[in-house]
Structure formats: C-alpha cells, structure tokens
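Chemist: Kindly generate the corresponding structure for this input.
(one chain, ligands or ions: 1)
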Amino acid sequence: MMQELFERVRGLDLDRAAQWKAAGGKVVGYTCVFTPVEIIEAAGLLPFRIRGAGNAETEMADARLSRFNCSFCRSCLQLGLDGTFDFLDGLIETNGCDQLRGMFENWQYARPVDFFHYLKGPHFLAPESVDYFANELRLFAEALDDYFGVKTTDADLAAATAIQARIREKLALVYGLREAERPAITGTETLALILAGSAVPAKEFEELLDDVLKQRTGHDIGSFKARILLGGSATDEVEFVGMIEEMGGAVVTDTLCFGTRAFWPRRDVVDDEPYRALAELYLRQSMCPRMYDQFPDRLTYLLTAAERARVDGVILVHNKFCDVHGIDNALLRLRLREKEMPVLCLEKEYGGLADLGRMRTRVQAFLERIGERP
Ligand code: SF4
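Modeler: Model (predicted):
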C-alpha cells in the first residue's frame, strides 16, 4: 500500500479529482492550511490542495513572478499557467504570505478560473480577530453557495466538521506510531499519507488512515542513526524526506504545514455559531510564522514536539526567498542552540528544482555531528 501511495504523491495525484469530475462533481483548489476544508466539503465540493510536485519548469511563472520568489509558489503558478490545473472549478486565494498572493493573483489574471475567492485571515490575534475571520468564513461559504448553486446548512457543516475532527484524531494516532521508541512508520511514509489525503474526499482519507493504522500497529521500521524533527516551510517533497531517512536520520516528527501544523494544535472548539468555532480552530490555534507576535507559541510547540518524539536533532528547512520561514528558522535555531539541541538550517529550492546532492552532503555531516556527541 505504501509503495502505491509513493507513486501517487510523487506527482500531483490527480486521478481521484478526475473521477470526481467525471461523476459530475466540482473541484476547488486551495494551497494554504488556513483554508477550512470543512466549508468546501459541506458545500458538496472536493477540496484539492494545490502543490507543485514533480515540476522542474518555471519559465511561464518566472515571466509573471520573478526568480526572486519562492520556487514553491513559482512551481504551482507554472502548473496553473500551463493548463495542468485546468480541471479546477474554483480557486481559493489566501494571504498566507505575499508570495502566495502573487501566485494566485497572477494565475487568475493570466488564466482565470471560473470561481475565484480571496479568503483573508488576520495576521495577529487581537480581541476582534476571531470575529473578523468568522465573518470571512461566512462570506466564503455564501460565495461557494451562490456560485455552485448549493445551500450549505448548519447540519452539512457539522457533519464536515465532525469528520475532520476524526481525521485529526487518527493522524495523531499515526504520529504516535511514528514517534514511538521503535517507530512503526517512517517520516517519508507519513508525508505520503498526508499528501494522499489532500487530494481525496475526507471520508476516503479517513478510511486510508484506518487501513494504515491497522497495517502499521506493531510494525518496526528497523534501525537508524538518529531521530530527527523536520520543521520549516512548504515541504511536500517525499524525495527530500526520503533522502534524510536513507542516510539514517529517521524523521520521527515534524512541525510542517504538510504535517503536524495542519492538525495537531487544533483542538475541538464548542461554539453555538459554527463559523466562529471554525475561526477559533483555524486562527487561534495556528502555528504558522504568518502570525505576528506568536513566536513564543511556535517555539514552545517545536520544543514540545522535540521532547515528545525524543529527537536527537532538528532540521529546519526553508525555500529560498521565503522570508517568513527563513527569519523564523534563524530565531528558532538560536533558541535551540541555547538548549544545546543540534540544529541544521537548510535553504533550498523547491521540489524538482532542489539540489539534492548539496543537501545530502550537509545532512550527512549533520548526522555525523550528532553521532559524535557523547
Ligand atoms: S514557502 Fe514561504 S514564501 Fe512559499 S508559500 Fe510558503 S510561506 Fe510563502
């Protein structure tokens, strides 16, 4: 099963979306984990997380953005402009970072998607921030309803919210297997699982999680040299995580947005007003550096994960020109060094543009350094 997942997620994993469309369904693309997929699913639409996997060309994107933009955004834009994502019926722009905004706005300008919505999330937590975001979520749901001719009820939203809550619980169980003394699932496999879940309906992701939990409970991935936490910017590259693990660094946990950041901090919120509950869930519990003033929370989050998974070292990665994560990683490195935690900061290009050979040399030296510690 894992081999099949690897094959799917090394590329863009478009088959399920194609089947969905063939059956008359509509597909809505988003990128940032600030997008509450519950709202898209409640409207009967398939949420599809846009990635740039397997793409090593960015010429069309470079003509719109510049080569001084993050190559994750440029790769996604390239695939938007070359027609790869023409199957999308809708596109959700978020203000995760300005590079992401540039990606969406250039895409919509040059090759418009029928439905385009800009979902704005506050960058800091003021008393009124949650109410503001709740209102944005209501507008988002209304826009989907109006354009796709549906009527999302509170019951629809409650059902979609309940299934995402179960998915979060099951993902935490998978991470329990991954972070165990004898890990039962690798970091590469966990990433493949999460990516596969971002291109299928929630119900199918839940079934996939059930299968993996059944198969992997009691399994042992075998020996490794060191336990690693991987943190940083958009990292959906199974080859990159696989490279760390091939050299003996078991990536036993992460703080990535294609990882724990998308589900671990989110604890169920009880509120009579469902959009406010979602706003609480997504905004107040975010561990993304897009949020100002919350560095102390992110540091605690990382230290807690490192302790929970008993890691020997931390690798912090960011895509070149990603200032948001580049600055956060530099600050995190200082704090980790104060605690005498070995840390490696890697700046890289995204996906097919990455220089894996150079990364390999640096990771190897890092693992040797950890191995020499008394
Ligand atoms: S990697 Fe950085 S620049 Fe690129 S989308 Fe993410 S936060 Fe924005």
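
Chemist: C-alpha only now, for contacts and for neighbours.
Modeler: OK.

Chemist: ok, now how distant is whichever residue of the chain sits closest to the ligand from Gly187?
Modeler: Closest to the ligand within the chain is Cys322: 4.0 Å, counting by CA to the nearest ligand atom. Per CA to CA, to the nearest Å, Cys322 is found 23 Å from Gly187.

Chemist: more crowded one of those two?
Modeler: More crowded of Cys322 and Gly187, by other CA atoms under 10 Å: Gly187, with 27 against 23.

Chemist: Can you verify my assumption that that one contacts Ala250?
Modeler: Yes - contact criterion CA atoms under 8 Å: Gly187 and Ala250 qualify, at 6.9 Å.

Chemist: Grab the nearest non-local neighbour of Tyr175.
Modeler: In space, Tyr175 comes closest to Thr253 once its chain neighbours are excluded; the distance is 7.2 Å by CA to CA, 6 or more residues apart in numbering.

Chemist: So the one you found belongs to a strand, correct?
Modeler: Yes - under DSSP: H, G, I helix; E, B strand; the rest coil, Thr253 sits within a strand.

Chemist: For the remainder of this discussion, apply numbering that starts at 44.
Modeler: Yep, numbering from 44; the last one is Thr296 now.

Chemist: ok, now how distant is it from His361?
Modeler: Counting by CA to CA, the gap from Thr296 to His361 is 17 Å.

Chemist: Show me which of those two is the more surrounded one.
Modeler: Comparing Thr296 with His361 by other CA under 10 Å, the one with more neighbours is Thr296, at 28 against 25.

Chemist: what about the residue sitting nearest the centre point of the chain, which SS state?
Modeler: Nearest to the mean C-alpha position of the chain, by CA atoms, centre = their mean, lies Phe301 at 2.5 Å. Assigned by three-state DSSP, the conformation of Phe301 is coil.

Chemist: Which element, helix or strand, includes Ala320?
Modeler: Under the criterion of DSSP states H and E, Ala320 resides in helix 317-322.

Chemist: Repeat that for Pro165.
Modeler: Assignment of secondary structure by DSSP H and E places Pro165 within no helix or strand.

Chemist: returning to that earlier point: quick check: the residue nearest to Tyr218 touching Glu222?
Modeler: Yes - the pair Thr296 / Glu222 is scored as a contact, 6.3 Å apart, by CA under 8 Å.

Chemist: Find the nearest non-adjacent residue to the residue of the chain closest to the ligand, please.
Modeler: In space, Cys365 is closest to Cys113, 5.7 Å off (CA to CA, 6+ apart).

Chemist: Phi first, then psi, for Pro90.
Modeler: Main-chain torsions, Pro90, degrees, to the nearest 10: phi -80, psi 130.

Chemist: Wait, a strand at Arg270?
Modeler: Yes - looking at Arg270 with three-state DSSP, it is inside a strand.

Chemist: For it, name its beta-bridge partners.
Modeler: Counting by DSSP bridges, Arg270 is bridged to Ala293.

Chemist: any idea how far it is from Glu232?
Modeler: Taking CA to CA, one finds Arg270 at 15 Å from Glu232.

Chemist: same deal with Leu273?
Modeler: From Leu273 to Glu232 the distance is 14 Å (CA to CA).

Chemist: for Glu350, same thing?
Modeler: Glu350 is 22 Å from Glu232, by CA to CA.

Chemist: shared neighbours of Thr296 and Glu222, anything?
Modeler: Overlap of the contact sets of Thr296 and Glu222 (by CA atoms under 8 Å, 6 or more residues apart in numbering) consists of Ala352.

Chemist: quick revisit: quick one, what contacts the residue nearest to Tyr218?
Modeler: By CA under 8 Å, 6+ apart, the contact set of Thr296 is 218, 221-222, 230, 271-273, 348-349, 352.

Chemist: pLDDT (mean, whole number) over stretch 222-238?
Modeler: Mean per-residue pLDDT for stretch 222-238: 97.

Chemist: mind checking the end-to-end distance for that stretch?
Modeler: Distance across stretch 222-238, first residue to last, is 19 Å (CA to CA).

Chemist: okay, now the closest residue in space to Met286 that isn't next to it in sequence: neighbour count?
Modeler: Leaving aside its sequence neighbours, Met286 sits nearest to Arg403 (CA to CA, 6+ apart; 7.0 Å). Counted with other CA under 10 Å, the neighbours of Arg403 add up to 16.
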